[in-house]
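**Student:** Below are the sequence and a predicted model for it; my questions follow.
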Amino acid sequence: MMKLSVAMITQNEGENIRRSLESVKWADEIVVADSGSTDNTLDICQEFNCKIIHTKWLGFGKTKQVAVENCSNEWILVLDADEVVTRPLKLSIERILESPDYDGYRVKRNSFYLGKMIKHCGWDKDYTLRLFNKNKGKFNNKVVHESVQINSGKIGVIKDPMLHYTYPDINSHIQKMNRYSELGAIHKSSAGQSSSIAKACIRGIIKFIKMFILQLGFLDGKEGFVLSFNSAFGVYLKYLYVWEKKRSSDKSD
């Protein structure tokens, strides 16, 4: 069987990471690229004999690639600190590594919001490329919404899920939403895109309609409504930041 390295990035993930590391302690190697944790994250990583790489924050894509490049093995499983590998997924990965048919695999991800598993809102179609041969692919350089790009070859799908314990409370969603909105605005602004207050409002409304109505978020109850509304506000905020950056740039010219 091919050996497996798990690649992770961390920054003050003490509340989450033990659960995540426990789920992959069977792997041949766990590599953690840490960007200045000041809590007990690294102490927990040491308990699991992780290989710890200290790096400055380079954006999600580049920082994850640092972790990948420091892995000793050819096959990589990328895991976030709030994600857990289930036993069925573990068994599927082990079977695949006996004789891989593809160069990368998209993994089903079941996500929790405010403690409830979300079965709609578009989250039910969440397949993310996490298992791959590092000689065939790498992370792109996006500061947010990063992904593994397979240079050449075929991509398979694993339906046995990982669990994603995202946003246990409203505050965690708001904080991450604000951070991602700013990063997304930086990316769009650097690409020369512009926005307006009207565009920001329209984009937000469209996002809510898509998640709550078209993607059946209402079937997820109160949690589905809050998730859809907050996600819509995050989109509104991102385009508002783009408008603000363009406005500031015009004033300085």
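**Tutor:** Structure's in. What do you need? Source: prediction; values computed, not measured.

**Student:** For the chain, which segments count as helices?
**Tutor:** Using DSSP state H, the helices found in the chain span residues 17-23, 41-47, 60-69, 87-98, 170-190, 197-208, 221-252.

**Student:** got any ranges where this structure has weak pLDDT?
**Tutor:** Within the chain, the set of residues satisfying pLDDT under 70 comprises 250-253.

**Student:** 90 instead, please
**Tutor:** For the chain, the stretches flagged by pLDDT under 90 are 1, 59, 141-146, 151-153, 176, 178-194, 245-253.

**Student:** what's the residue nearest to K64 when sequence neighbours are not counted in contact with, if anything?
**Tutor:** Spatial nearest neighbour of K64, chain neighbours left out: F139 (4.9 Å); criterion: CB to CB, 6 or more residues apart in numbering. All C-beta atoms are positioned from the backbone trio N, CA, C, and that covers glycine. When contacts are counted by CB atoms under 8 Å, 6 or more residues apart in numbering, F139 touches 61-62, 64-65, 68, 146-149.

**Student:** a markdown table for those residues, including neighbour count?
**Tutor:** Formatted as a markdown table, the contacts of F139 follow (neighbours: other CB atoms under 10 Å):
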| residue | neighbour count |
| --- | --- |
| G61 | 19 |
| K62 | 17 |
| K64 | 24 |
| Q65 | 22 |
| V68 | 20 |
| E146 | 18 |
| S147 | 15 |
| V148 | 24 |
| Q149 | 14 |
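
**Student:** tell me, how many neighbours does D80 end up with?
**Tutor:** The tally of other residues near D80 (other CB atoms under 10 Å) stands at 22.

**Student:** can you tell me how far the residue nearest to S5 when sequence neighbours are not counted sits from G137?
**Tutor:** Of all residues not flanking S5 in the chain, C71 sits nearest, at 3.6 Å (CB to CB, 6+ apart). Applying CB to CB, to the nearest Å, the value for C71 to G137 is 13 Å.

**Student:** S37 now?
**Tutor:** 27 Å.

**Student:** Setting the sequence-adjacent residues aside, check what's closest to E94.
**Tutor:** Nearest to E94 is M1, by CB to CB, 6+ apart, at 6.7 Å.

**Student:** And for the one you found, the neighbour number?
**Tutor:** Neighbours around M1, by other CB under 10 Å: 12.

**Student:** Repeat that for T128.
**Tutor:** Neighbour tally, T128, other CB under 10 Å: 15.

**Student:** Please apply the same query to K56.
**Tutor:** Neighbours of K56 (other CB under 10 Å): 8.

**Student:** The closest residue in space to it that isn't next to it in sequence: how many residues sit nearby?
**Tutor:** Leaving out its chain neighbours, the residue that sits closest to K56 by CB to CB, 6+ apart is S35, at 6.3 Å. By other CB under 10 Å, the residues close to S35 number 16.
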